[in-house]
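1. 3D model of this:
(chains A, B, C and D)
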2 protein chains.
Amino acid sequence: MQIAPALLLDERQAEIRRRLASSDRVIAGDLALEFQVSEDTIRRDLRELAAAGQCIRVYGGALPVPAPDLSLNERYGIGTERKRHLARAMAAFAQRGMTIFLDAGSTNLAAAHMLPEDLDLTVVTHAPHIAAAVLDRPGLRLFMIGGKVDTKTGAATGAQGMRELEQLRPDIAFIGACAVSGVTGVTAFDAEDAEFKRLLTRQSRVSLVGAVNEKIGTAAPYPVFPLSAFDHIVIEKDLDPAKRASLAISPPVLVSA
Amino acid sequence: MQIAPALLLDERQAEIRRRLASSDRVIAGDLALEFQVSEDTIRRDLRELAAAGQCIRVYGGALPVPAPDLSLNERYGIGTERKRHLARAMAAFAQRGMTIFLDAGSTNLAAAHMLPEDLDLTVVTHAPHIAAAVLDRPGLRLFMIGGKVDTKTGAATGAQGMRELEQLRPDIAFIGACAVSGVTGVTAFDAEDAEFKRLLTRQSRVSLVGAVNEKIGTAAPYPVFPLSAFDHIVIEKDLDPAKRASLAISPPVLVSA
DNA sequence: TCAAAACGTGCATAAACGTGCATAAACACG
DNA sequence: CGTGTTTATGCACGTTTATGCACGTTTTGA
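-> Here you go, the predicted structure:
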C-alpha cells in the first residue's frame, strides 16, 4: 500500500464519475496507472459505481449510463411482459371515478396502457410520453401538468409543474421509483424529480410505488422518502427472497401475479 | 492483440448500430480496417447484433432492420412523404435561439421531427403527442402547456391552457389548420380549439399556417381568422392552380419543395 | 465451372475479471 | 493508551472474455 494515497476513495470515485460525464468511456488500466492504485481497486470502484447505476460496466472499463436513451422502450410503449404484469397489478387499484396521477417512468407508461377504460377515470400526468399514451385510450380523461420539461426525466418537474400540482389532490398517485431499497427508501436520479415526487406523495390521498426486480436493492443519489411513507409497494412475484426480506417494509406489499 | 484497443467492444458495436441507422448497410472489411481489428471480430459483432435483432446479416456485411411497419410510423407521426416535405418547408422558418409554438395536428407533428437540433430552439406545445415527439429529439428544449386535454383535438385548449399561453410570446407559431379557404379563412372543428388558435396567433410574433392539399378549399364550423391575419401560408408545390388562385391570399405564400 | 472472397468453427493466448486472503491504516470503544 | 473492528487496498489464484489465427466450407460472380 502507498504511504500517501494521492486520492481518497470517494475522491477517486467522484473523479471517475466526472470523467464518465465528460468523456465517452473510462478504461480500467489507464485509471489504475493515473491514480497510482492497482487495477483491482479500480475494478472495485467501477463495480460499485455500476451497482449504484452510475455507469455501465464493460470489459476493459466502463461507459456512462445512457441518459435519455429510454426512448426506445418507451417508443414502443408496451414494455416487457414482466413490466406489463406489474402494471396490471398497479392498475387494479383504480376505482370508479378516481383521479389518478401517473408519475414519469416506463413502469407508469405501461400502467397507462393497463388502466381500465370503463371506470370513468381521470388521469393526471406531467410526462408527455405518458400523456400521449393516455390520449390513445378513449375511455380515459386526461389532465396535463405543464411547465419546462426536463429532458432527462421526460417530465415537467420545475416550479410551474409543482405549482399546478399544489392545486390538485389526486385520489391515488403512481410514484415512479428510479431505485428502491430498504435502507435508502425510494430514490431518484434527479434532485428536482425527487422533490416533485415528495410533493406528489404528500398531495395524494393514496401513494403507490411499483418497482420491477431490477430496481430493488439499488439506490440513486436523491432520496424521495423512506418506504414507510408510501401506502403500497407493488413488486413482482418472483423477487429474490433475500431482497424481498431486505425491504423490511411497513406498508402493505402487493405482489403482482 | 493490440496493446491499446482504440474502442471497447460495446463502443464498437454501438458505433456499428449507429451506422446501420444512418447509412443503409455496413461492410465487414471496411469496419475491420477502420476499427483496427480483424474481420473475424467484426463478423462476431455482426453475428451478435443479428442475434439481437439489431441488423440483418448478409454476405459481406449487414443491413439495417427493415423500417418498422406502417402503423408504428403513423403512431409516431412520421407522416406521409408529402407531409414531410411540407413540414420541412415550415421548419425552415426556425432561426437560432427561437421559441416555436407547435399547435396540435399531424402536420405539426411532422414538423416536430423536422426541426433542426443544432439551433438552440425551444419548442412550446399544448399537445402531448407533439411533446412526446419533441422529447425524442435531444437537441430541442421543451415547454409544455398544461390543463385539461381535449380528446378530440388532443391538446389542452381549455381555460388553463389559455391562461398559460398568455404568459408567453413565441417568436413563431405553427398554426394547425383543420380547413383552409380563401372565403372562410382558417377554420377549426372545435370551438375551444378555434379560440385557442386565435389567442395563439395574437400572442406570437410571427404566425405560420401549413396546409396539405386536401385541406385547401374546405371549411370547418368554427372560424379562426381570415388568411390575411397570418404572416405565412405554406402549401404544397403541386396544389391545383385553380385552388391556389382561389386562396386570393395577402400573406406571403411559401411553396414547399 | 472455378477461383476469390467471405464465412464459421475450433483453438490458443493474453488481458481482464472475480474471489479469497493478508495487511495496514483508520476508527470506535473502553 | 490499548484493543477489537472496520475499511481500503494489494496480491495470488483460478476463471472468463475478447481476440486473432488456422483450416475447412460456403457463397459469389465472372
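2. quick one: the closest residue in space to A:Ile172 that isn't next to it in sequence from B:Glu34, how far?
-> Nearest residue to A:Ile172 in three dimensions, chain neighbours excluded: A:Val206, at 4.4 Å (C-beta to C-beta, 6 or more residues apart in numbering or on different chains). To be clear about C-beta, it is placed using only N, CA and C from the backbone, and glycine gets the same treatment. Between A:Val206 and B:Glu34 the computed distance is 56 Å (C-beta to C-beta, to the nearest Å).
3. try A:Arg25
-> 18 Å.
4. quick one: which of these two has more around it?
-> A:Arg25 (19 against 15; other C-beta atoms under 10 Å in any protein chain shown).
5. so the more buried one makes contact with A:Arg57?
-> No. The criterion here is C-beta atoms under 8 Å, and A:Arg25 misses it with A:Arg57 at 11.5 Å.
6. got any residues that touch both of those two?
-> Residues touching both A:Arg25 and A:Arg57 (C-beta atoms under 8 Å, 6 or more residues apart in numbering or on different chains): there are none.
7. What lies in contact with stretch A:132-141?
-> A:77, A:102, A:109, A:112-113, A:115-118, A:121-123, A:125, A:142, B:128-129, B:131-132, B:148-149, B:151, B:154.
8. Now do the phi/psi pair for the residue in the stretch 1-150 of chain A positioned nearest to DNA strand C.
-> Minimum separation of the stretch 1-150 of chain A from DNA strand C (C-beta to the nearest atom of the strand) falls at A:Ala28, amounting to 3.8 Å. Backbone torsions for A:Ala28, taken as degrees, to the nearest 10, come to phi -50, psi -50.
9. mind listing what it touches?
-> Contacts of A:Ala28 by C-beta under 8 Å, 6+ apart are A:39, A:42-43, A:46, A:60-62.
10. The same query, at a cut-off of 7 Å, please.
-> A:39, A:42-43, A:46, A:60-61 (C-beta atoms under 7 Å, 6 or more residues apart in numbering or on different chains).
11. who's in contact with the residue of the stretch 51-200 of chain A at minimum distance from DNA strand D?
-> Nearest residue of the stretch 51-200 of chain A to DNA strand D: A:Tyr59, at 3.8 Å (C-beta to the nearest atom of the strand). Each residue near A:Tyr59 by C-beta under 7 Å, 6+ apart is listed here: B:8-9.
12. Recalculate using a threshold of 6 Å.
-> Shown in contact with A:Tyr59 (C-beta atoms under 6 Å, 6 or more residues apart in numbering or on different chains): B:Leu9.
13. how far away is it from B:Ala242?
-> From A:Tyr59 across to B:Ala242, the span is 67 Å (C-beta to C-beta).
14. distance between the helix or strand where A:Ala89 lies and the chain's centre?
-> Using DSSP states H and E, A:Ala89 sits within helix A:81-91. On the basis of C-alpha atoms, centre = their mean, to the nearest Å, helix A:81-91 sits 16 Å off its chain's mean C-alpha point.
15. send the alpha carbons of it over as PDB?
-> Provided in PDB are the C-alpha atoms of helix A:81-91 (Å, rounded to 0.1, in the frame of the first residue of the first chain):
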ATOM      1  CA  GLU A  81     -44.100  -8.800 -20.400                       C
ATOM      2  CA  ARG A  82     -43.000  -8.600 -16.800                       C
ATOM      3  CA  LYS A  83     -43.500  -4.900 -16.700                       C
ATOM      4  CA  ARG A  84     -47.000  -5.300 -18.100                       C
ATOM      5  CA  HIS A  85     -47.800  -7.800 -15.300                       C
ATOM      6  CA  LEU A  86     -46.600  -5.400 -12.700                       C
ATOM      7  CA  ALA A  87     -48.500  -2.500 -14.300                       C
ATOM      8  CA  ARG A  88     -51.700  -4.600 -14.400                       C
ATOM      9  CA  ALA A  89     -51.400  -5.200 -10.600                       C
ATOM     10  CA  MET A  90     -50.900  -1.500 -10.100                       C
ATOM     11  CA  ALA A  91     -53.900  -0.600 -12.300                       C
END
